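Engineer: Quick one, structure for this:
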Amino acid sequence: MARLSDVIISNPDVKTFPQLELLIRHLGESGEMFVEMDIKPDFRDTPRKWEWILESAFTRGTSYD
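Structural biologist: Just a heads-up that it's a prediction; the model follows:
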């Protein structure tokens, strides 16, 4: 299981929510089964429904771009 906090810490070059969303899409395709939303992303452009957006991105992967 991947934790969102670990993903963010491991990728310090990610500076915006859309970049994080793309990273989560790739994570879903890499074989991870679950992602735990243990923290709220601290980006200026983090939307209110950030959990739903990231869960959806994790499930869809990059095939729906």
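Engineer: Please count neighbours and contacts with C-alpha atoms only from this point.
Structural biologist: Noted.
Engineer: For R3, grab the count of nearby residues.
Structural biologist: Counted with other Cα atoms under 10 Å, residues neighbouring R3 total 13.
Engineer: Could you verify my assumption that it touches M37?
Structural biologist: Yes - look at R3 against M37 with Cα atoms under 8 Å: they come within range, at 6.4 Å.
Engineer: what's the closest non-adjacent residue to the residue nearest the centre of the chain?
Structural biologist: Nearest to the mean C-alpha position of the chain, by Cα atoms, centre = their mean, lies I24 at 3.4 Å. Among residues not flanking I24 along the chain, F58 sits closest, at 5.4 Å (Cα to Cα, 6 or more residues apart in numbering).
Engineer: same question, P41
Structural biologist: Going by Cα to Cα, 6+ apart, P41 has F17 as its nearest residue, at 7.6 Å.
Engineer: check contacts around the one you found.
Structural biologist: For F17, the contact set (Cα atoms under 8 Å, 6 or more residues apart in numbering) comprises P41, F43, D45, T46.
Engineer: For those residues, which single residue is the most surrounded?
Structural biologist: So for those (other Cα under 10 Å), the most neighbours sit at P41, 18 neighbours.
Engineer: from what I can see, that residue looks like it's in a helix, true?
Structural biologist: No - going by DSSP: H, G, I helix; E, B strand; the rest coil, the assignment for P41 is coil, not a helix.
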